[in-house]
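Novice: fold the following, please.
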Amino acid sequence: MEIPPKSPDGSERSPQSKELVTSNTASTLCISSRSESVWTSASRTRWDIYHKPIIVVSVGAAIFLFGIVITSLSCFQIKNKNIYKMCGPALLSLGLMLLVCGLVWIPIIRKKQKQRQKSQFLQTLKSFFFNR
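Specialist: Numbers count the residues shown, from 1 in each chain. Predicted coordinates for the structure are as follows:
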């Protein structure tokens, strides 16, 4: 009769059972993944979905308007005219860039939401037909 080798920690588990006990990487991978919303079916509000692009659009619009004010001050103000001429267009371009990025981000999120709804619908159809 063959005696199974003892493990270094003193327990008398066989190597196969030890592998079965410690190999739970798949479950921890699903738990720690960034796409937990795919696994949980919690409904999200529109604010939860669109709050980042709305903030980017708002900040971009505010910087753009501030750039318009600074640029217009360079036309009327004689003191520090060079500073206004340098900062105004920089703020205009930064604000416009943020505004456009936020406005492009919104249709991308809508498209992803539609794809997610389609995939959830297809998964329910698969489970309905194949789990009978």
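
Novice: ok, which stretches of this protein are helices?
Specialist: 15-22, 25-32, 36-39, 46-76, 81-130 (DSSP state H).

Novice: could you export these as a markdown table, including mean neighbour count and mean pLDDT?
Specialist: Glycine gets a C-beta too; all of them are placed from N, C-alpha and C. Output for the helices of the chain, formatted as a markdown table (neighbours: other C-beta atoms under 10 Å; pLDDT from 0 to 100):
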| stretch | mean neighbour count | mean pLDDT |
| --- | --- | --- |
| helix 15-22 | 10 | 51 |
| helix 25-32 | 9 | 49 |
| helix 36-39 | 11 | 48 |
| helix 46-76 | 15 | 92 |
| helix 81-130 | 13 | 89 |
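
Novice: quick check: phi and psi at residue 79.
Specialist: phi -70, psi 140 (degrees, to the nearest 10).

Novice: how near is it to residue 44?
Specialist: Applying C-beta to C-beta, to the nearest Å, the value for residue 79 to residue 44 is 51 Å.

Novice: just want to know which of the two has more residues nearby.
Specialist: residue 44 (10 against 6; other C-beta atoms under 10 Å).

Novice: now do the more buried one against residue 112, distance only.
Specialist: In terms of C-beta to C-beta, residue 44 sits 12 Å off from residue 112.
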